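In: After the sequence you'll find the predicted model.
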Amino acid sequence: MTAPEDQMGPDRDTEAALWCLALAEEDFDAARDAALDQWLADDGNAAALRRQLALWDHNDALAALPQMLQLRSQALEDFRSRNERRWAPAKRWRLSRPWQALAASLLLIAGSTAIFLLQGSDVEYFSTALGERKTIGLEDGTTLTLDADSAVEERFSQDRRNLVVVRGRAKFDVAKDSLRPFAVTAGTETVVATGTSFSVEKLGTTVDVVLYEGKVTIVRAARNEHFETLQPGQSLALPSSGPLHVAAIEPARASAWTMGQLDFSGEPIAGAVARVNRYAEKPVVLDPSVPGALRVTGVFDAGDTSAFAEGVAAVNGMTVRVESDRLVLTAA
């Protein structure tokens, strides 16, 4: 016996389209978070969601068309009106005819890129010099804070808010806008957020994400991996190879750099030096004799490179060799 059409389960791409819309909602609660984790446990589902996110990511010009903006607005309003019934904990995923129509609308918006001629979003470039920090108000109401020697590209459209951390570190206090998903990319890692506060940093071959408020989802498309969701007060290190590392942080200490201080708590020496050198006219250089496993703890004024080098040397029995253009830390 065949189940009635209204009770038939959706295909993976339809479910993925609905999850894309759910992730764009401002109030992605714990029940939906658990449901998403369960759904993504299936490799086929995870692949379908990656496909839909990729379609959405290349959809800026199409979504800017008035008829498409209207279609997506109607779809989101339909999503909201059915939200309470849709996420009832005791129910399994079932799509009624209206839900099937909603999913079809989303797939149309995502998939029609093959029909319309797409044009790239305007690009704005924000950067800071050595020793300079900058706070920028973006057109959507988001506040961007750039660390020293950092750069971010902004690619906003009427439908999406995409940014790229080119180098250094940036903090994002995101303005809520359910119709315009907010995504930050650094290297091959993408952070998707709505209405939240977080930072993204390129540090060598590692991308570090720190979440201060709200929720973010990390998409590791290049490595074909599961999504990682952070909670406030957590940081996530995403190396180019090897395991991920989630750690608890104190938000006030983790954001100290925005106030001109560098606060290290067991920081690997190479990472600490890289952060200090964003403010250094005369950079710190590690002599090969310095063990890579050495860790740094302490609070330093950004730009006081000599105090950092001398402090690390004093605590670890090392010496500082002052040269014309650099400070060399050497193991005694």
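Out: Great, that's in hand. Note that the coordinates shown come from a computational prediction; the quantities given were computed from them, not determined experimentally.

In: which residues touch Arg12?
Out: 44-45, 47-48 (C-beta atoms under 8 Å, 6 or more residues apart in numbering). C-beta coordinates here come from the backbone N, C-alpha and C atoms, glycine included.

In: What ranges in the stretch 51-200 of the chain fall below the confidence cut-off?
Out: 53-121, 194-195 (pLDDT under 70).

In: Could I get the contacting residues of Ile249?
Out: Taking C-beta under 8 Å, 6+ apart, one finds 210, 233-235 in contact with Ile249.

In: Highest neighbour count among those?
Out: Val210 (24 neighbours; other C-beta atoms under 10 Å).

In: now that one, which residues is it bridged with?
Out: For Val210, the beta-bridge partners are Ser199, Ser235 (DSSP bridges).

In: about what we covered before: switch the contacts of Ile249 over to a markdown table; also include pLDDT.
Out: What follows is the contacts of Ile249, written out as a markdown table (pLDDT from 0 to 100):
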| residue | pLDDT |
| --- | --- |
| Val210 | 93 |
| Gly233 | 92 |
| Gln234 | 92 |
| Ser235 | 91 |
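
In: Need the residues you listed in JSON lines (columns: distance to Leu138).
Out: Formatted as JSON lines, these follow (distance: C-beta to C-beta, whole Å):
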{"residue": "Val210", "distance to Leu138": "19"}
{"residue": "Gly233", "distance to Leu138": "25"}
{"residue": "Gln234", "distance to Leu138": "25"}
{"residue": "Ser235", "distance to Leu138": "24"}
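
In: Wait, a helix at Ala34?
Out: Yes. Ala34: assigned to a helix according to DSSP: H, G, I helix; E, B strand; the rest coil.

In: Only the buried residues of the strand or helix carrying Arg155, if you could.
Out: Here Arg155, judged by DSSP states H and E, is contained in strand 151-156. The neighbour-count check on strand 151-156 (16 or more other C-beta atoms under 10 Å) flags 151-152, 154-156 as buried.

In: Check what contacts it and list those residues.
Out: Contacts for strand 151-156 (C-beta under 8 Å, 6+ apart): 60, 120-128, 138-140, 144, 146, 162-168, 170, 180.

In: next helix or strand past that strand?
Out: strand 161-167.

In: what's the angle from that following strand to strand 151-156?
Out: Angle between the axes of strand 161-167 and strand 151-156 is 170 degrees (criterion: axes from the mean of the first three to the mean of the last three C-alpha atoms, to 10 degrees).

In: tell me the domain ranges of the chain?
Out: Per the record, the chain has its domains at 5-114, 133-249, 260-331, by automatic domain parsing.

In: Of the ones you listed, flag the one that's most buried.
Out: Among the domains of the chain, domain 133-249 has the highest mean neighbour count (mean count of other C-beta atoms under 10 Å), at a mean of 18.

In: Strands along the stretch 51-200 of the chain, start to end?
Out: 122-127, 134-137, 143-146, 151-156, 161-167, 169-173, 182-186, 189-193, 197-203 (DSSP state E, counting those that start in this stretch).

In: As JSON lines, the ones you listed with distance to Ser240 would be great.
Out: What follows is the strands of the stretch 51-200 of the chain, written out as JSON lines (distance: least, C-beta to C-beta, whole Å):
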{"stretch": "strand 122-127", "distance to Ser240": "24"}
{"stretch": "strand 134-137", "distance to Ser240": "28"}
{"stretch": "strand 143-146", "distance to Ser240": "23"}
{"stretch": "strand 151-156", "distance to Ser240": "20"}
{"stretch": "strand 161-167", "distance to Ser240": "15"}
{"stretch": "strand 169-173", "distance to Ser240": "18"}
{"stretch": "strand 182-186", "distance to Ser240": "12"}
{"stretch": "strand 189-193", "distance to Ser240": "10"}
{"stretch": "strand 197-203", "distance to Ser240": "11"}
